[in-house]
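Novice: Mind looking at a prediction? Sequence and model below.
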Amino acid sequence: MTEDMARSSDTTGNRARANPMKDTVQVVRGEQASTYVIAEEHDDGSLLLMPATSDQAIAEPNPEHRASAVADRQELSEGQQHEPSTILEVSGLSVSYGAKKAVDDVSLQISRGEIFGLLGPNGAGKTSTLSAIEGLVKPNSGTVLVDGIDIRSHPSQAKAKMGVQLQATSFQSQLTIKQIVRLYAGLYGMKLSDPEISDSLKAIGLEGEATKPFKQLSGGQQQRLSLYIAVVHEPVLLLLDEPTAGLDPQSRRQLWTRIEHLRQQGGSILLTTHSMEEAQAVCDRVAIIDNGTVLTTETPQDLIQKHKHDPRVREVAHGEVTLEDVFIGLTGSEIRE
Amino acid sequence: MSSSQPTVRPPLRLALTSLLRADFVVFLKNRRTLIVSILLPIFLLVTTNSSKAVQHFGGALFVIGLAIAYGMAATSIMGYALTVARDREKGVFQRLRVTPTPTWTIMTSRLGMQVIANLIIALVVVIFGTTLHHISLSAGQYGLVLLVSILGGAMFLSIGQALVGLVKSADTVNAAGRLLLIALILLASLGQSGALGSAWESISTWTPVGIVMSLFAGVLNLSAWNHTDTLSLAVCVAYIIVFAGIGIRWFQWDAR
């Protein structure tokens, strides 16, 4: 969790958000609130914060800046307030590959504006769960509702509400970045003009790469383009499968800033990650999945609180219990294939 | 992100247009495959230009038919099937499948580009072949050549689809495709020339290449259209149904 990204967690796992119209922002950590001055506001939505002087802190004691679950919801656009709060509802989902049961009776719900992390060791069933939600694999049983639309009975309508970033994204190698953007915008029903595409690429820092093929981009650039394509149609639900895998710290930081920005705009995000530190920092709630079954679903803080005295967790913890300790305690220390 | 999304799916026409445009760009950038698929039949026409060789294959019209069949087989089996297998392995199809566009549009677009490739090959080879053999064609015959190209091309595409449906790995598709292509070429060339005997000659007549040869020879000389040509037409349709059925039934979008 970093201060310069203008977010922190309170005890309920919700985060403070900077109001770009104000000069200061209040960041809440546990019970303690601190005031920061917005030193820089970047194009990608990230903010550079500096600790406020006592004068500045007193001068703008704006209670609206305090993060809370209520405030988070209230800050969403008016139109969203009257819509159902559950964006994704997965019930009794089971997926098998031959005799192997990859996902076993998984149920989860994601609310509007929520970042939900699906955590699990290799082969736990994370990607299979996501694939079933995305409509890539046919589940043996269970239902997946995206904003109330069943993915199996109305796949096109449900997919139109989703943005997806797969674990390994690949586009036709002969297409340039500009052509890729035009193609995927069209597939989501959007006709983008050349200036619109140029503006979009500029916004994600790829204006100079428009005529390059995808494979010539760096890992961070590829990730930015993949994420942009995933949200080009402004979906209500964004699915990210290990979005930070293989990225350097700078690219990772930038990606999380963008994800946080999307959440601030009212989007819900379901992601898988192997980074417990990141999950603890950015997710409102996490589910730990192993052997295709959801073991627990909590906020990261509640998960730590709930399991910090568990002997399995104590055994692997070094000092203060972290989400990673809880994860290893619950799923075991053995290395998975 | 917006929550006020339409509950209807995006317009199909726009999705299909976008796919066609992208596949056309890929088609243009892969023009080397098309050029090779044109050069192979032209090379065949040039090397069989002697009257003795032409007689071996049953006449100039059969040689032109054979040349077109080679070109279409090469681009459909090696071009189409291999591209599909490679894109599947790289995850290109998975990325397309998570969009709202129906999966049939993805394949329709690709097949559409391949049909265009087959038509280009057929027209170039027919023009070159008829010029080489001093045969003049009417506008109606050119129309029939296009129809047979579509039909013959569909047959080779269905074979390519069956190959990519039955074989997952792109490397194996590549190897199996080459073997299949060589087998089809040798069987038709040697069989039709009579070098392997009358039994093989009959068998080669009903191979995909043999059928396309008969159909092209038939439409290039309509007055000589006979029962074998009609039967070739029926067998061609049957091949399309069978191979396309296999290719669709066993095709998997994900290589894993």
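Specialist: Ah, there it is.
Novice: any idea how far B:F216 lies from chain A?
Specialist: Counting by C-beta to the nearest C-beta, to the nearest Å, the gap from B:F216 to chain A is 32 Å. Glycine gets a C-beta too; all of them are placed from N, C-alpha and C.
Novice: any idea how far B:V63 is from that residue?
Specialist: In this structure, B:F216 lies at 10 Å from B:V63, with C-beta to C-beta, to the nearest Å as the measure.
Novice: Show me where chain B has its helices.
Specialist: B:12-29, B:31-47, B:51-56, B:60-73, B:81-90, B:92-97, B:103-132, B:139-166, B:170-193, B:198-205, B:208-220, B:227-249 (DSSP state H).
Novice: Export those helices as CSV, with columns for mean pLDDT and mean neighbour count.
Specialist: Shown next, in CSV, are those (pLDDT from 0 to 100; neighbours: other C-beta atoms under 10 Å in any protein chain shown):
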stretch, mean pLDDT, mean neighbour count
helix B:12-29, 93, 18
helix B:31-47, 89, 17
helix B:51-56, 75, 12
helix B:60-73, 88, 28
helix B:81-90, 93, 22
helix B:92-97, 94, 22
helix B:103-132, 92, 20
helix B:139-166, 92, 21
helix B:170-193, 90, 18
helix B:198-205, 88, 15
helix B:208-220, 89, 27
helix B:227-249, 95, 16
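Novice: Of those, which is nearest A:P300?
Specialist: Comparing those by their distance to A:P300 (C-beta to C-beta), the top pick is helix B:92-97, with 30.2 Å.
Novice: Give me the helices and strands touching that closest one, please.
Specialist: Contacts defined by 3 or more C-beta pairs under 8 Å, 6 or more residues apart in numbering or on different chains; DSSP states H and E place helix B:92-97 against helix B:103-132.
Novice: and if we set it to 6 Å?
Specialist: On a contact count with 3 or more C-beta pairs under 6 Å, 6 or more residues apart in numbering or on different chains; DSSP states H and E, helix B:92-97 meets no helix or strand.
Novice: so how far is that helix off the chain centroid?
Specialist: 24 Å (C-alpha atoms, centre = their mean, to the nearest Å).
Novice: and chain A, what are its domains?
Specialist: A:3-75, A:82-161+A:235-337, A:168-232 (automatic domain parsing).
Novice: can I get these in CSV with mean neighbour count?
Specialist: Shown next, in CSV, are the domains of chain A (neighbours: other C-beta atoms under 10 Å in any protein chain shown):
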stretch, mean neighbour count
domain A:3-75, 16
domain A:82-161+A:235-337, 19
domain A:168-232, 18
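Novice: nearest to B:T47, of the ones you listed?
Specialist: Nearest of those (C-beta to C-beta): domain A:168-232, 32.8 Å.
Novice: Would you mind naming what in the stretch 101-250 of chain A lies close to chain B?
Specialist: A:134, A:156-157, A:159-161, A:164, A:168-170, A:172, A:174, A:179, A:183, A:186-189, A:234, A:236 (C-beta under 6 Å from any C-beta of the partner chain).
Novice: Identify those among the residues you listed that sit within strands.
Specialist: A:V164 (DSSP state E).
Novice: Filter the residues of the stretch 101-250 of chain A next to chain B down to just the ones in helices.
Specialist: A:E134, A:S156, A:Q157, A:K159, A:A160, A:Q179, A:L183, A:G186, A:L187.
Novice: In the residues you listed, find the pair that's most separated.
Specialist: Using C-beta to C-beta, the pair of these lying farthest apart is A:Q157 and A:Q179, separated by 26.7 Å.
Novice: so how far is B:L14 from A:G189?
Specialist: For A:G189, the distance to B:L14 - C-beta to C-beta - is 6 Å.
Novice: what residue ranges in the stretch 51-200 of chain A are flagged as low confidence?
Specialist: A:51-84 (pLDDT under 70).
Novice: what are the ranges of the strands in it?
Specialist: Along the stretch 51-200 of chain A, counting by DSSP state E, counting those that start in this stretch, strands occupy A:86-97, A:100-111, A:115-119, A:141-146, A:149-150, A:162-165.
Novice: For B:V209, find the nearest of those.
Specialist: strand A:86-97 (39.3 Å).
Novice: Neighbouring strands - and their directions - for the closest one?
Specialist: With DSSP bridges as the test, strand A:86-97 is paired with strand A:100-111 (antiparallel), strand A:141-146 (antiparallel).
Novice: the inter-axis angle of it versus strand A:115-119?
Specialist: Between strand A:86-97 and strand A:115-119, the angle comes out at 20 degrees (axes from the mean of the first three to the mean of the last three C-alpha atoms, to 10 degrees).
Novice: OK, contacts around whichever residue of the stretch 151-256 of chain B sits closest to chain A?
Specialist: Across the stretch 151-256 of chain B, the shortest distance to chain A (C-beta to the nearest C-beta) belongs to B:D254, at 7.3 Å. The neighbourhood of B:D254, defined by C-beta atoms under 6 Å, 6 or more residues apart in numbering or on different chains, consists of B:Q94.
Novice: Recalculate using a threshold of 8 Å.
Specialist: For B:D254, the contact set (C-beta atoms under 8 Å, 6 or more residues apart in numbering or on different chains) comprises A:L136, B:R88, B:G91, B:F93, B:Q94.
Novice: hey, where'd the helices end up in the stretch 151-300 of chain A?
Specialist: Taking DSSP state H, counting those that start in this stretch as the criterion, the stretch 151-300 of chain A contains helices spanning A:155-160, A:177-187, A:194-203, A:219-231, A:249-264, A:276-282, A:300-307.
Novice: need those helices in a markdown table with distance to B:F24, can you?
Specialist: Shown next, in a markdown table, are the helices of the stretch 151-300 of chain A (distance: least, C-beta to C-beta, whole Å):
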| stretch | distance to B:F24 |
| --- | --- |
| helix A:155-160 | 24 |
| helix A:177-187 | 10 |
| helix A:194-203 | 18 |
| helix A:219-231 | 20 |
| helix A:249-264 | 32 |
| helix A:276-282 | 41 |
| helix A:300-307 | 49 |
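Novice: Which among these is found nearest to A:L323?
Specialist: helix A:276-282 (4.3 Å).
Novice: The closest one packs against which elements?
Specialist: Going by 3+ C-beta pairs under 8 Å, 6+ apart, helix A:276-282 lies up against strand A:115-119, helix A:249-264, helix A:323-331.
Novice: Which of those has the lowest mean pLDDT?
Specialist: Lowest mean pLDDT within the helices and strands packed on helix A:276-282: helix A:249-264, a mean of 84.
Novice: what angle do that one and strand A:115-119 make?
Specialist: Angle, helix A:249-264 to strand A:115-119, by the same axes, to 10 degrees: 130 degrees.
Novice: Report all helices and strands that helix A:249-264 contacts.
Specialist: In terms of contacts (3+ C-beta pairs under 8 Å, 6+ apart), helix A:249-264 is packed against strand A:115-119, helix A:219-231, strand A:237-241, strand A:268-272, helix A:276-282.
Novice: what's across from the spatially most central residue of chain A in the sheet?
Specialist: Geometric centre of chain A, nearest residue: A:I269, 4.3 Å, by C-alpha atoms, centre = their mean. Counting by DSSP bridges, A:I269 is bridged to A:I115, A:L238.
Novice: can you tell me which residues contact it?
Specialist: A:I269 is in contact with A:E114, A:I115, A:F116, A:L237, A:L238, A:L239, A:L240, A:I259, A:L262, A:R263, counting by C-beta under 8 Å, 6+ apart.
Novice: B:T101: what's it in contact with?
Specialist: B:T101 makes contacts with A:S156, A:L187, B:P10, B:L12, B:A15, B:L16, B:L19, as judged by C-beta under 8 Å, 6+ apart.
Novice: With respect to A:D147, which of the helices and strands packed on helix A:249-264 lies nearest?
Specialist: strand A:237-241 (7.0 Å).
Novice: chain center to that closest one: distance?
Specialist: Counting by C-alpha atoms, centre = their mean, strand A:237-241 is centred 7 Å from the centre of its parent chain.
Novice: still on that earlier bit, can I get the contacts of A:I269 in TSV including distance to B:T230?
Specialist: Listed next are the contacts of A:I269 as TSV, based on distance: C-beta to C-beta, whole Å:
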residue	distance to B:T230
A:E114	66
A:I115	66
A:F116	64
A:L237	57
A:L238	58
A:L239	54
A:L240	58
A:I259	64
A:L262	63
A:R263	66
